[in-house]
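Visitor: Below: sequence and its predicted model.
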Amino acid sequence: MSSVIKPELLEILACPCDKHADVSVSSDDTKIVCVKCETSFPIKDGIPVMLLDEATPGPRGIGG
């Protein structure tokens with residue numbers, strides 16, 4: 001489990017796409033990644049930026 005994001009926060013975060021899948025923290029602790037579509041969201045100053053405008057789409061696109 002990442003030390004960047006508190007476990008309590010990670011439990012309530014979800015990908016903001018229409019399907020709202022769970023997320024995890026990347027191995028390098030720099031982004032939050034959707035477990036379904038693999039879209040990633042940056043972590044800036046310890047705060048996950050869960051905005052689709054800031055996201056990097058996964059291989060099948062956002063929510064794919």
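Guide: Arrived safely. Residues are numbered from 1 along each chain as shown.
Visitor: Okay, Asp22 and Asp45: tell me how far apart.
Guide: Here Asp22 is placed at a distance of 23 Å from Asp45 (CB to CB, to the nearest Å). Glycine gets a C-beta too; all of them are placed from N, C-alpha and C.
Visitor: In terms of neighbours, single out the busier of the two.
Guide: Taking neighbours as other CB atoms under 10 Å, Asp22 and Asp45 compare with Asp22 leading, 12 against 5.
Visitor: quick one: that one from Val33, how far?
Guide: Relative to Val33, and taking CB to CB, Asp22 is found at 10 Å.
Visitor: do Glu11 as well
Guide: 15 Å.
Visitor: more crowded one of those two?
Guide: Counted by other CB under 10 Å, Glu11 and Val33 do not tie: Val33 has more neighbours, with 18 against 9.
Visitor: check which helix or strand covers that one.
Guide: Per DSSP states H and E, Val33 falls inside strand 31-34.
Visitor: what packs against that strand?
Guide: In this structure, strand 31-34 makes packing contacts with strand 23-25, strand 40-44, judged by 3 or more CB pairs under 8 Å, 6 or more residues apart in numbering; DSSP states H and E.
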